[in-house]
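Enquirer: give me a model of this one.
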Amino acid sequence: MGNDNTTVSALAFFEDADAEVLFAKLDYQLKDGMHIQERDHQFDLYFFLSRNEISLIAYYSQYFGVNLSIGGVGRDRYYYLEFNPADRGGIDWEHRYFLKPEYVIVGFLVYKIIFIDRNFDMDSVKKLQLTIQTDYEEMKDDLYRLLARLRRTGSTELGDSRVAEIVFDALKEFKKLGWVVLDEDFFDVMPSFHRLNKIYSDHISNFENLVKSNS
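Expert: Numbering: from 1, shown residues only. Have a look, this model is predicted:
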């Protein structure tokens, strides 16, 4: 499917037989920062989006001043609204969601653990929390101090249990964005989680130095 948005009406997607059932749900999720990808729980929204890609790109650009963007390839393809951090175009304030800085740092660490340090079987929250506590001793003190500062706890340090809570809270926020699937202790990273590295690759590849210099 091409990307010549001038040849397709911004409202053409309403002609899709599934528009009445799916569009309101899709619109709400996209505006809340959700990433839509070809996975079981998002199949209906993903295929509606892919069928009407050109029209929906034009719709969000014309009526809201934001880009409906595409990341990944093949089965790892995903859609999301690309907001300017300082301006979300015509999207209401109630949908203006931003990750807290401490959750961004946790995201960098999770990406490093799974994709750089190649722990591809990491699918347990408890195992992730324990890995952070035991396998990254060289940066642990600096990491905990940084999280304490970003959390504004009033303390210069956090203990293992408090950091474990922050990690779990971060995963819950990532679930809201469609970056992970989370079900009690089980979690699985989604294709859209790679968007974090797309934006912050330098920070992630130099994570130890980032933590040390900002702790």
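
Enquirer: quick check: Ala164 touching Lys127?
Expert: No: contact criterion CB atoms under 8 Å: Ala164 and Lys127 do not qualify, at 11.4 Å. No exception for glycine: its C-beta is placed from N, CA and C like everyone else's.

Enquirer: how far away is the closest residue to Leu146 other than its chain neighbours from Ile204?
Expert: Nearest non-adjacent residue to Leu146, counting by CB to CB, 6 or more residues apart in numbering: Ser215, 4.4 Å away. For Ser215, the distance to Ile204 equals 17 Å [CB to CB, to the nearest Å].

Enquirer: ok, the two, which is more surrounded?
Expert: Ile204 (19 against 16; other CB atoms under 10 Å).

Enquirer: model confidence score at the more buried one, please.
Expert: On pLDDT, Ile204 comes in at 96.

Enquirer: spit out the contact partners of the closest residue to it other than its chain neighbours.
Expert: Leaving aside its sequence neighbours, Ile204 sits nearest to Phe108 (CB to CB, 6+ apart; 5.0 Å). Phe108 makes contact with Leu196, Tyr200, His203, Ile204, Phe207, Leu210, according to CB atoms under 8 Å, 6 or more residues apart in numbering.

Enquirer: contact partners for Val106?
Expert: Contacts of Val106 (CB under 8 Å, 6+ apart): Leu147, Ile166, Val167, Ala170, Leu171.

Enquirer: the helix or strand hosting it: how far from the chain's middle?
Expert: Element membership for Val106 (DSSP states H and E) is helix 101-111. Counting by CA atoms, centre = their mean, to the nearest Å, helix 101-111 is centred 11 Å from the centre of its parent chain.

Enquirer: quick one: the longest helix seen in the chain to helix 101-111, angle?
Expert: Using DSSP state H to define each element, the chain has its longest helix at helix 160-176. Counting by axes from the mean of the first three to the mean of the last three CA atoms, to 10 degrees, helix 160-176 lies at 90 degrees to helix 101-111.

Enquirer: just give the strands next to the helix or strand just after helix 160-176 in its sheet, each with its orientation.
Expert: If you walk from helix 160-176 toward the C-terminus, the next helix or strand you reach (DSSP H and E) is strand 180-183. Using DSSP bridges, strand 180-183 pairs in its sheet with strand 186-189 (antiparallel).

Enquirer: what's in contact with the helix or strand just after the partner strand?
Expert: Downstream of strand 186-189, the next assigned helix or strand under DSSP H and E is helix 194-205. With contacts defined as CB under 8 Å, 6+ apart, helix 194-205 is touched by 35, 71-72, 76, 78, 80, 104, 107-108, 111-112, 115-116, 179, 210.

Enquirer: between helix 194-205 and helix 101-111, how many degrees?
Expert: 90 degrees.

Enquirer: show me which of Ala164 and Lys127 is the more surrounded one.
Expert: When Ala164 and Lys127 are compared for neighbours, Ala164 comes out ahead with 18 against 14, by other CB under 10 Å.
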